[in-house]
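Enquirer: Generate coordinates for the sequence data below:
(one chain, ligands or ions: 2)
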Amino acid sequence: MDTIQQVLADVRRGMIPAHIYNDAEIFELEKERLFSRAWMFVGHESEIPQPGDYVVRRVLEDSFIISRDEQGTIRALFNMCLHRGMQVCRAEMGNASHFRCPYHGWSYRNDGRIIGLPFHKEAYGGEEGFARKGATLLPAPNLANYNGLLFVNMDPDAMPLDEYLGDFKFYLDYYTKQSASGIELRGPQRWRIKANWKIGVENFAGDMYHTPQTHTSVVEIGLFREPKAEKRKDGMTYWAGRGGGTTYKLPPGDLEERLAYIGYPPEMIERMKQLWSTDQLQLIGEDAFMISAASLFPNMSFVHNWPKVEEEGDEVVPFISLRMWQPVSENETEVMSWFAVDAEAPEEFKELSYKAYLMCFGSTGMFEQDDVENWVSLTNTAKGSMARRLLLNSRMGMLNDGTPVVPALTREEFSGAGSAYVGYSEHNQRNFLQEWADHLEKPPVVAPSHAVGITNGQLDQYSSKGA
Ligand code: FES
Ligand SMILES: [Fe+2]
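Expert: Ligands and ions are numbered 1, 2, ... in the order given. This next block holds a predicted model:
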């Protein structure tokens, strides 16, 4: 096999060693150097609105209880009992004032503090043998919130979430802040696909090129108002901070007309105008671009689209979806997909928007089915020996000397954050893999260990043997 240095060098020139899409050693490196350091989406605060509400979410193999405690503070608690390590909470979501471990019955408040330890006195000699005071389920090293999106980071020395997101926040707002109340979620729907996690991330980040081919039938049946999928090449792809995405070019008109064209009712448009920055509004109103799919490094994606949901007429309804590509192994991914909608949207809009989401990108969505067959097949083919000899050309949109085929949009043409190019290209896939390569080059994360139930840190050697 190539050395990892060779793999990263190839990736950096836009040539992808095909085996990175199904390689156990690479997956181990990703766990050690990438997922251990990146900010990982674990849920949205609207999923746990009341004290005691919780959801259980994973960061790779680590299970966390994301709970809202009695004071209303959101916590990310490592879901492992402090006694012998049983998984404390086995339900996926619910409301609880405390969690009791099924093994020996230790129990914890929903802020993680230990509350019940059966036979504390008889078995441990009370506080002197095991200090309950100060003992809590291990908190995630970092937990942070942007527009209600909750992220965990496993690196004690992580950079702040705000800095990590960088200019991608400009685009995140379109998906997650259409009114001051933010979004509410339904879901997640969960399913597993036998595909490497990176493929979906790259697709959502910038693959406008696959739409005319992979999704021909969806266009044929008239799910979209645009008669031709090639329309996608009129859109631009942007990369900003640690994420990037695709857009559609909108027809002539002003801001209101364009937002109405994709199905937003006047009252929602009014709220967007109140909330979004001048540049955010100009990207739509002046530059005529509407955000569509996007990915945030490493494994979170977004969709915004506007299909026809009724047989009759030409009406379209927009929907927003968030998703996680949760890696299970080098060739399996759990997809978690949420429907998101502005919390202040009219009820009727919410219902139709949900329908639009399900038709396109729910577990049975038409786009979903088209896409996944490609990705499973790609993953399978990446496993063999021939794939180890193949460097995939991922240089679309760039000439041999590195200059872009089409120049980047200028400040006059583009009010958005980051850099943007009109037309088909793989700028974003390359940006994603650059970030990936940067992470794989870093040393493993070092984190301290936590000792449980000890007050002064000084222990005598155990002496039960033969005593
Ligand atoms: S492992 Fe949880 S109480 Fe024993
Ligand atoms: Fe697709």
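Enquirer: Got the phi and psi for the residue in the stretch 351-467 of the chain positioned nearest to ligand 1?
Expert: Proximity of the stretch 351-467 of the chain to ligand 1 (CB to the nearest ligand atom) peaks at residue 452, 11.4 Å away. C-beta: built from backbone N, CA, C; applies to glycine. Main-chain torsions, residue 452, degrees, to the nearest 10: phi -100, psi 140.
Enquirer: I figured it hits residue 81, correct?
Expert: No - contact criterion CB atoms under 8 Å: residue 452 and residue 81 do not qualify, at 9.9 Å.
Enquirer: Going by how many neighbours each has, rank these two and give me the top one.
Expert: Shown here are residue 452 and residue 81; by other CB atoms under 10 Å, residue 81 has more neighbours (24 against 15).
Enquirer: how about the more buried one, what does it touch?
Expert: 87-88, 101, 103, 106 (CB atoms under 8 Å, 6 or more residues apart in numbering).
Enquirer: 6 Å - rerun?
Expert: 88, 101, 106 (CB atoms under 6 Å, 6 or more residues apart in numbering).
Enquirer: between the residues you listed, which is closest to residue 18?
Expert: residue 88 (41.7 Å; CB to CB).
Enquirer: and the closest one, that's in a helix?
Expert: No - assessed with DSSP: H, G, I helix; E, B strand; the rest coil, residue 88 is coil; it does not lie in a helix.
Enquirer: Could you double-check that it lies in contact with residue 96?
Expert: No - between residue 88 and residue 96 there is no contact under CB atoms under 6 Å: 10.5 Å.
Enquirer: Comparing those two, which residue is more hemmed in?
Expert: A side-by-side neighbour count of residue 88 and residue 96, using other CB under 10 Å, places residue 88 first with 26 against 16.
Enquirer: Need the phi and psi values for that one.
Expert: phi -70, psi -50.
Enquirer: Per-residue pLDDT of it, please?
Expert: Residue 88 carries a pLDDT value of 98.
Enquirer: any idea how far it is from residue 138?
Expert: 11 Å (CB to CB, to the nearest Å).
Enquirer: Contacts for the strand or helix carrying residue 270, please.
Expert: Per DSSP states H and E: residue 270 is located in helix 266-275. With contacts defined as CB under 6 Å, 6+ apart, helix 266-275 is touched by 178-179, 256, 259, 345.
Enquirer: quick one: average pLDDT of that helix?
Expert: 98.
Enquirer: counting contacts, what elements does the strand or helix carrying residue 258 pack onto?
Expert: Using DSSP H and E, residue 258 falls within helix 255-261. With contacts defined as 3 or more CB pairs under 6 Å, 6 or more residues apart in numbering; DSSP states H and E, helix 255-261 has these neighbours: helix 278-285.
Enquirer: the inter-axis angle of the helix it packs on versus helix 266-275?
Expert: With axes from the mean of the first three to the mean of the last three CA atoms, to 10 degrees defining the directions, helix 278-285 sits at 140 degrees from helix 266-275.
Enquirer: How about residues contacting helix 278-285?
Expert: So helix 278-285 is in contact with 254-255, 258, 289, 415-416, going by CB under 6 Å, 6+ apart.
Enquirer: Next: stretch 228-242.
Expert: The contact list for stretch 228-242 (CB under 6 Å, 6+ apart) reads 165-168, 206, 208, 211-212, 219, 244, 246-249, 289, 297, 416-424, 428, 431.
Enquirer: can you do 7 Å?
Expert: With CB atoms under 7 Å, 6 or more residues apart in numbering as the contact definition, stretch 228-242 has outside contacts at 164-171, 206, 208, 211-212, 215-216, 219, 244-249, 289, 296-297, 409, 416-425, 427-428, 431, 435.
Enquirer: In helices, which of the residues you listed appear?
Expert: Among the contacts of stretch 228-242, DSSP state H puts 164-165, 169-171, 206, 211-212, 216, 219, 427-428, 431, 435 in helices.
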